[in-house]
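In: just need the structure, nothing else, for what follows:
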Amino acid sequence: MFDPSLISHASHSEIGRTILKVVYDYDTKAENDPLVTLADASMYHLVVGTQPGRYFVDYWPLLKYIPAWFPGAWFKRFALEGAALNAEMRDSVFKTVKEEMASLPTSVLTIPEASQ
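Out: Residues are numbered from 1 along each chain as shown. Model (predicted):
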């Protein structure tokens, strides 16, 4: 039976793979690559978290000052999870590229002198 959600999932994964390849020259390793999965989770938090009118804090701005542990402040916990995912995605991609650059021979990383 045809499942349309598979097309959506496949297109999101392929878009994520393409962006990682173009921007960071990172080749995804498997179907469920950890960086693609992390990017999908981070994008979910961005899309859901920025929907206007979704949270009470949009109507009562005073709620932004309540602590995250307060009952009913799940919007703050959701935002903190999204921020942690963003930081993890940024740091893991940077670390991966840095490790790949460290494995290159030094002749690739040096700029040749200009001859006169």
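
In: and the gap between the residue nearest the centre of the chain and Val23?
Out: Nearest to the mean C-alpha position of the chain, by Cα atoms, centre = their mean, lies Ala39 at 3.2 Å. Relative to Val23, Ala39 is positioned 11 Å away (Cβ to Cβ, to the nearest Å). C-beta here means a position set from N, CA and C on the backbone, and glycine is covered the same way.

In: can you give me the helices for this structure?
Out: 4-24, 34-49, 74-102, 106-109 (DSSP state H).

In: out of those, which one sits most buried?
Out: Across the helices of the chain, averaging neighbours per residue (mean count of other Cβ atoms under 10 Å) puts helix 34-49 on top, at a mean of 16.

In: so, low pLDDT: which residues of the protein?
Out: 1-10, 12, 106-112, 114-116 (pLDDT under 70).

In: follow-up on the earlier one: which one of the helices of the chain lies nearest to Pro67?
Out: helix 74-102 (7.6 Å; Cβ to Cβ).

In: tell me what the closest one is packed against?
Out: Contact partners of helix 74-102 among helices and strands, from 3 or more Cβ pairs under 8 Å, 6 or more residues apart in numbering; DSSP states H and E: helix 4-24, helix 34-49.

In: if I take that helix and helix 34-49, what angle do their directions form?
Out: 150 degrees (axes from the mean of the first three to the mean of the last three Cα atoms, to 10 degrees).
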